[in-house]
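Participant: Coordinates for the following, if possible.
(2 chains)
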Amino acid sequence: KAGVTQTPRYLIKTRGQQVTLSCSPISGHRSVSWYQQTPGQGLQFLFEYFSETQRNKGNFPGRFSGRQFSNSRSEMNVSTLELGDSALYLCASSSKRPPRDEQFFGPGTRLTVL
Amino acid sequence: QQPVQSPQAVILREGEDAVINCSSSKALYSVHWYRQKHGEAPVFLMILLKGGEQKGHEKISASFNEKKQQSSLYLTASQLSYSGTYFCGTEMTTDSWGKLQFGAGTQVVVTP
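Facilitator: Got it, this is the predicted structure:
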């Protein structure tokens, strides 16, 4: 069974640009969560999608948005990039609705904002 | 609401034991443990639910004290493969929809 895949793996952007990251969950998984990981703030929850609907959102500005498609693939978008958005963006998929079962993380997209 | 992990780091020799703690100031529904090796994605280790249910993959044990809102992960007879950063993630309710609040992590180094 293929794992969670994320594209691209690495991305370099400049301030003010926007970026779209993609996540393909494990086949059959309908839940996709996104996390931002930085050395200073650690792992922070961005949002979760289940059956194409955003079910929960973390404490991030509106510049961070996402969506989920009917095949459960998910994208997240960051507009008007800031230097502080440089981070590893991880997505995780799960087969169940909460109560939470284990989540399977993808390898992440390393975003660098110059 | 971020859980507090302790210690921040621990160095072990192969075969030694260690305990990693995760504490919350809020009532918890579940505690999740993940391990992340450098440059890799976090990998699920165990989930502990209020009421005593547990689910895990590896030979690593953990406990969940519901009264104290604290969980402990026990690394017993550590192996080199146990090296990595351990994160606990907590859920407050049954419908938190994946909103895991992760601790800052505990870096574990196991030496030969």
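
Participant: what about the helix or strand bottoming out on mean pLDDT in chain B and chain A, any contact?
Facilitator: Considering only helices and strands, the least confidently modelled element of chain B by mean pLDDT, DSSP states H and E is strand B:54-56, at a mean of 81. Yes - for strand B:54-56, a contact with chain A is found by C-beta under 8 Å from any C-beta of the partner chain, at B:K55. Any C-beta I mention is one placed from the backbone N, CA and C, and that applies to glycine too.

Participant: packing partners for the helix or strand just after that strand?
Facilitator: Downstream of strand B:54-56, the first helix or strand assigned by DSSP states H and E is strand B:61-65. When contacts are defined as 3 or more C-beta pairs under 8 Å, 6 or more residues apart in numbering or on different chains; DSSP states H and E, strand B:61-65 packs onto strand B:30-36, strand B:43-49, strand B:54-56, strand B:70-75.

Participant: can you list those in TSV and add mean neighbour count?
Facilitator: What follows is those, written out as TSV (neighbours: other C-beta atoms under 10 Å in any protein chain shown):
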stretch	mean neighbour count
strand B:30-36	25
strand B:43-49	21
strand B:54-56	13
strand B:70-75	20
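
Participant: Out of the ones you listed, which gets the lowest mean score?
Facilitator: Here the helices and strands packed on strand B:61-65 differ in mean pLDDT, and the lowest is strand B:54-56 at a mean of 81.

Participant: For that strand, which strands pair with it and how are they oriented?
Facilitator: Partner strands and pairing direction for strand B:54-56 (DSSP bridges) are strand B:43-49 (antiparallel).

Participant: what sits up against the strand it pairs with?
Facilitator: Counting by C-beta atoms under 8 Å, 6 or more residues apart in numbering or on different chains, the neighbours of strand B:43-49 from elsewhere in the structure are A:99-105, B:29-37, B:54-58, B:60, B:62-64, B:71, B:73, B:86.

Participant: Please apply the same query to stretch B:60-70.
Facilitator: B:21-28, B:31, B:33, B:45-46, B:48-50, B:52, B:54, B:56, B:71-76, B:82.

Participant: Try it again at 10 Å.
Facilitator: With C-beta atoms under 10 Å, 6 or more residues apart in numbering or on different chains as the contact definition, stretch B:60-70 has outside contacts at B:3-4, B:19-33, B:35, B:45-54, B:56, B:71-76, B:78, B:82, B:86, B:88, B:90.

Participant: Going by neighbour count, which residues in that stretch are buried?
Facilitator: Neighbour-count burial for stretch B:60-70, with 16 or more other C-beta atoms under 10 Å in any protein chain shown as criterion, is recorded at B:60, B:62, B:64, B:66, B:69-70.

Participant: tell me how far it is from the chain's mean position?
Facilitator: When C-alpha coordinates are averaged (C-alpha atoms, centre = their mean, to the nearest Å), stretch B:60-70 and its chain have centres 10 Å apart.

Participant: Could you do stretch A:103-110 as well?
Facilitator: Shown here is stretch A:103-110, whose average C-alpha point lies 8 Å from the average C-alpha point of the whole chain (C-alpha atoms, centre = their mean).
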